[in-house]
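Undergrad: the sequence and its predicted three-dimensional model are supplied below.
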Amino acid sequence: HRLARELHDTVLKTLHGLSLEARALSSRTATTTPSVKETAQYIEEVCSRTSREIREVIFDLRSDVETAGIASQVAKVIDYWSRATGIAASFSLSGEDVALVPEPARQVRNIVSEALTNVQRHALASKVCVTIMISAFELNIEISDNGHGIGRDISELDSFVAEGKLGIAGMKERVELLGGRFSVTSDPSGTSIGFNIPLPISPAERLDDGPDTNSHS
């Protein structure tokens, strides 16, 4: 826990500061040449990606991911993000929590973390709602915000990639690698990201007690 606190209070905050400075430099279009703007955007993306990786390390240091249910793990990710950003977040679970093997669990956490990062960076949202539904054979997660929306058809994934906006494409790829389906709906009142993946485990492996429905602000 001491290592987790140190990573959060030093490395993670430094990376966050660098990311904000790079974003500010990139936005000064009147005084920034194209090459400087491109470099600033690259620095911002690297800082954000590394921050997500360090958050994963912090999460692993603070929790027993081998036995914790996936809903419990996602709830902790949401709680940590809400406290760090000040954006209100609610969480609800329908069904019984279930433990996944480490790699799929890590991928699910990464998808949720990426969605939350996009909310923080782009949505100008004041609230996020995360809903998890677990059935006998499927895990379904939906992350919704009340931000201003994406502003274009989500089918234009190629244009997002060409502009260096890899978050949505990366989430979709992670879901598909898990054998699941990914969707995004967006309008001026907010964005909803949903995905579901098959559960390759038997009901006997489910956990008795999942996390209680809760909210953070």
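TA: Thanks, I have it.
Undergrad: ok, then the element right after the one helix or strand Val57 maps to?
TA: Assigned by DSSP states H and E, Val57 belongs to helix 34-62. Later in the chain than helix 34-62, the nearest helix or strand by DSSP H and E is helix 70-85.
Undergrad: what's that next one packed up against?
TA: helix 34-62, strand 88-94, helix 102-118, strand 127-134, strand 214-216 (3 or more Cβ pairs under 8 Å, 6 or more residues apart in numbering; DSSP states H and E). (C-beta placed from N, C-alpha, C; glycine too.)
Undergrad: adding distance to Ser72 and mean pLDDT, write the ones you listed out as TSV.
TA: TSV is the format used below for the helices and strands packed on helix 70-85 (distance: least, Cβ to Cβ, whole Å; pLDDT from 0 to 100):
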stretch	distance to Ser72	mean pLDDT
helix 34-62	12	77
strand 88-94	9	96
helix 102-118	10	88
strand 127-134	10	97
strand 214-216	11	50
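Undergrad: quick one: closest of the ones you listed to Asp79.
TA: Minimum separation from Asp79 across those (Cβ to Cβ) falls at strand 214-216, 5.5 Å.
Undergrad: doesn't Ile58 make contact with Leu7?
TA: Yes. Using Cβ atoms under 8 Å, Leu7 is in contact with Ile58, at 5.5 Å.
Undergrad: quick one, which of these two is more surrounded?
TA: Ile58 (20 against 16; other Cβ atoms under 10 Å).
Undergrad: the more buried one contacts Asp9, doesn't it?
TA: No. Using Cβ under 8 Å, Ile58 is not in contact with Asp9, being 10.6 Å away.
Undergrad: and the most centrally placed residue in the chain, how far is that from Ser35?
TA: In the chain, the residue lying closest to the centroid (Cα atoms, centre = their mean) is Ser113, at 1.8 Å. Using Cβ to Cβ, to the nearest Å, one gets 31 Å for the distance from Ser113 to Ser35.
Undergrad: now swap in Lys172 and tell me
TA: 30 Å.
Undergrad: between the two, which has more neighbouring residues?
TA: Taking other Cβ under 10 Å, Lys172 and Ser35 do not tie; Lys172 has more neighbours (20 against 8).
Undergrad: what sits closest to that one if chain neighbours are left out?
TA: Spatial nearest neighbour of Lys172, excluding adjacent residues (Cβ to Cβ, 6 or more residues apart in numbering): Phe182 at 4.4 Å.
Undergrad: and that neighbour, how far from Leu3?
TA: Per Cβ to Cβ, Phe182 is found 34 Å from Leu3.
Undergrad: compare these two (neighbour count), which wins?
TA: Phe182 (20 against 11).
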